[in-house]
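Student: Show me how the following folds:
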Amino acid sequence: MRTQARAAAKGLLNALEARPEVQALYVLSSSAVTPRNVTRFSTDSDFDLAIVLDIPLKEDEWRPRPADTYALVRDRLPAWIPEFSFLLPVPWGHMEVNVHQLLFAYEADSRTLWNSDKCDAYANKGEPLLDRDGAFGALITHKARRLTRSLPEEARRLHNRITWDVREIPLRMARRVGAPTGHFVLSAALDEVVDWMYARAGLLLPNRKWKLHSLGALGLIDSVQQTLLTETQQCDPLSLADLERRCEALEEFCRTIGMDLAPDAIAAVRRAYQQADHQLLGSGAATFAAAPEPHFVPTRGDDPPATPHPPRHSASTLRDRLAQEA
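Tutor: Model prediction:
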């Protein structure tokens, strides 16, 4: 079926490849043939491709939102650039084509950050049909490596969040405002656990629609663990007892993948995360004592003598400046 889809899109691909402004042309996702692509093509699939244009940009034309930069350079863009989505005839009816459109200079700018979904789409699920001088492929490698280096920190953040969301917060919120909210939080915890597995394995996080399937396809879980995940997904949103069951199933799944959720382990994870991310003094933060009168007890000895503050912007000055910028 994917072969038939590629045949139906051949004229479109040839027309794009012939354009001199095209720096790179990639087929993406289930339409692509790559060694690390575990997606599946079917009659429900779109045909995803990306055209990367070599259009010069001035440094001051970069904007955080790509569309704002595109608006600035619209008069430099070739008139043949197609609409994003349209239909092509295929043996089973019609196939939607999605043409992702990128400016190479914008994507290569160090201020342009790619999220994990985008990195995975191009690094693992992108098939190059054209890449002049290998420039876009080199950019993909750079973006993916940059994000991969942040995965251990993301795994640490998720681990801390999971210690709260697998049981404590769902049950607490169910008691406070009702079982549906508890189930909602637990479903988010399931997503966090899946994300943690990818981050711990040093793998870029795929698009949400492929995350669960890819766990098994990449060998990150076995059939028993898949069953536990399925049990966690099953839900009677009005039942507190079913919320307890789901918590237990997700806790058991976490144990099978090597996450220790014993009370002492949870306390250690939270303490380390708070010290690193939420305490200005880290592990040297003061403690609070309520008696004999409320006071803070420094862990590194007496407070140093008061010294004059260096020149700084006052809160009111910053407020006025931000108001002017707004």
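
Student: pLDDT below threshold where in the stretch 201-326 of the chain?
Tutor: Applying pLDDT under 70 to the stretch 201-326 of the chain picks out residues 301-315, 326.

Student: just the strands in the stretch 51-200 of the chain please.
Tutor: Taking DSSP state E, counting those that start in this stretch to define them, one finds strands in the stretch 51-200 of the chain at 85-90, 93-103, 126-131.

Student: if you compare the ones you listed, which one is most tucked away?
Tutor: strand 126-131 (a mean of 18; mean count of other Cβ atoms under 10 Å). Heads up, the C-betas are built off the backbone N, CA and C, glycines and all.

Student: Now do that strand: which elements does it pack against?
Tutor: Strand 126-131 is packed against helix 10-17, strand 22-28, helix 135-148, with contacts defined by 3 or more Cβ pairs under 8 Å, 6 or more residues apart in numbering; DSSP states H and E.

Student: would you list these in JSON lines and tack on mean pLDDT, distance to Ala290 and mean neighbour count?
Tutor: Formatted as JSON lines, the helices and strands packed on strand 126-131 follow (pLDDT from 0 to 100; distance: least, Cβ to Cβ, whole Å; neighbours: other Cβ atoms under 10 Å):
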{"stretch": "helix 10-17", "mean pLDDT": "96", "distance to Ala290": "70", "mean neighbour count": "13"}
{"stretch": "strand 22-28", "mean pLDDT": "97", "distance to Ala290": "59", "mean neighbour count": "22"}
{"stretch": "helix 135-148", "mean pLDDT": "97", "distance to Ala290": "45", "mean neighbour count": "17"}
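
Student: Could I get the ones you listed in a markdown table, plus columns for distance to Tyr70?
Tutor: Formatted as a markdown table, these follow (distance: least, Cβ to Cβ, whole Å):
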| stretch | distance to Tyr70 |
| --- | --- |
| helix 10-17 | 18 |
| strand 22-28 | 16 |
| helix 135-148 | 18 |
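
Student: wait, which of the ones you listed is closest to Ala155?
Tutor: Across the helices and strands packed on strand 126-131, Ala155 has its closest neighbour in helix 135-148 (11.7 Å, Cβ to Cβ).

Student: and the closest one, what does it pack onto?
Tutor: Packing contacts for helix 135-148, counted by 3+ Cβ pairs under 8 Å, 6+ apart, involve strand 22-28, helix 104-108, helix 116-123, strand 126-131.

Student: Take the strands of the stretch 51-200 of the chain and lay them out in a markdown table including mean pLDDT and distance to Ala155.
Tutor: Shown next, in a markdown table, are those (pLDDT from 0 to 100; distance: least, Cβ to Cβ, whole Å):
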| stretch | mean pLDDT | distance to Ala155 |
| --- | --- | --- |
| strand 85-90 | 96 | 36 |
| strand 93-103 | 97 | 29 |
| strand 126-131 | 97 | 25 |
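
Student: Looking at those strands, which is nearest to Leu186?
Tutor: Closest to Leu186 of the strands of the stretch 51-200 of the chain is strand 93-103 (Cβ to Cβ; 33.2 Å).

Student: just checking, what packs against the closest one?
Tutor: Strand 93-103 sits against strand 47-53, helix 66-72, strand 85-90, with contacts defined as 3+ Cβ pairs under 8 Å, 6+ apart.

Student: Give me the residues contacting it.
Tutor: Outside strand 93-103, the residues that touch it by Cβ atoms under 8 Å, 6 or more residues apart in numbering are 5, 8-9, 12, 28, 43, 45-53, 55, 57, 66, 69-70, 73, 81-89.

Student: if you set the cut-off to 7 Å instead, what comes out?
Tutor: For strand 93-103, contacts defined as Cβ atoms under 7 Å, 6 or more residues apart in numbering pick out 5, 8-9, 12, 46-53, 55, 57, 81-82, 84-88.

Student: same question, stretch 202-218
Tutor: 38-39, 116-117, 119-121, 123-124, 144, 147-148, 151, 194-195, 197-198, 221, 226.

Student: still on that earlier bit, and of the helices and strands packed on strand 93-103, who's closest to Arg157?
Tutor: Closest of these to Arg157 is helix 66-72, at 26.6 Å (criterion: Cβ to Cβ).

Student: what's that closest one in contact with?
Tutor: With Cβ under 7 Å, 6+ apart, helix 66-72 has contacts from Glu61, Trp62, Arg63, Tyr106.

Student: possible to save the residues you listed as a markdown table with distance to Arg19?
Tutor: Output for the contacts of helix 66-72, formatted as a markdown table (distance: Cβ to Cβ, whole Å):
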| residue | distance to Arg19 |
| --- | --- |
| Glu61 | 22 |
| Trp62 | 24 |
| Arg63 | 25 |
| Tyr106 | 18 |
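
Student: Drop anything exposed from those residues.
Tutor: Glu61, Trp62, Tyr106 (16 or more other Cβ atoms under 10 Å).

Student: related to what we said a few turns ago, so which of the helices and strands packed on strand 93-103 comes closest to Gly284?
Tutor: Closest among the helices and strands packed on strand 93-103, using Cβ to Cβ: helix 66-72, at 42.9 Å.
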